[in-house]
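Peer 1: Here is my input, please return the structure:
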Amino acid sequence: MKNYDHTITVKVTPKRVFDALTKEMSNWWTDMTSTVDKIGDKTTAKFEDGTTWSFEVVKLEANRLVELFCYQADHIHPVTTPEMRKEWENTTLRFNIIGKGENTDVHFTHVGLTPEVNCYSICNSGWNHFFGAAFKAYLEKQIA
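Peer 2: Next up, the predicted model:
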């Protein structure tokens, strides 16, 4: 089935997008335990409700690609069911960065987040907010 997939276009450089994905996730997503600079680096996303998702960098191409593999998940949400807590494990966040003149397209795929998983509705809405709105606004505010 189809993975979560969304593309935004922003008027910033591919380098600016890459930096926001590797060094500034805490500014637009949630508190991260560290920045990521190379393959093998690890970081954990920590949410106020206790949710944690731990990632390892599996692919990194400067200003072109960031891939984070989720090796540990503990999804705690007011409507989370027991089977939802580990659903992000073994999924991958893939950000393709494509420069197009003055603009940059950022194509995000959450590989493994499909309509078949129990958290799909919650996570789909979450990514639409954090990636589709907050990340885009964060990047666009940087140039204002």
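
Peer 1: how far away is the residue nearest to the spatial centre of the chain from Thr114?
Peer 2: Most central in the chain under Cα atoms, centre = their mean is Leu93, positioned 5.5 Å from the mean C-alpha point. Relative to Thr114, Leu93 is positioned 14 Å away (Cβ to Cβ, to the nearest Å). For glycine as for every other residue, the C-beta is placed from the backbone atoms N, C-alpha and C.

Peer 1: Which parts of the protein are strands?
Peer 2: Ranges of strands within the chain are 4-10, 31-32, 42-46, 52-61, 65-74, 92-100, 103-111, based on DSSP state E.

Peer 1: nearest to Met25, of the ones you listed?
Peer 2: Checking the strands of the chain against Met25 by Cβ to Cβ gives strand 31-32 as the closest, at 4.7 Å.

Peer 1: Now for the residue nearest to the centre of the chain: which residues touch it?
Peer 2: 55, 66-68, 70, 108-111 (Cβ atoms under 8 Å, 6 or more residues apart in numbering).

Peer 1: where does Thr51 fall, phi/psi-wise?
Peer 2: phi -60, psi 140 (degrees, to the nearest 10).

Peer 1: Might one say that it is in contact with Gln72?
Peer 2: No. Applying Cβ atoms under 8 Å as the test, Thr51 and Gln72 come out as separate, 11.5 Å apart.
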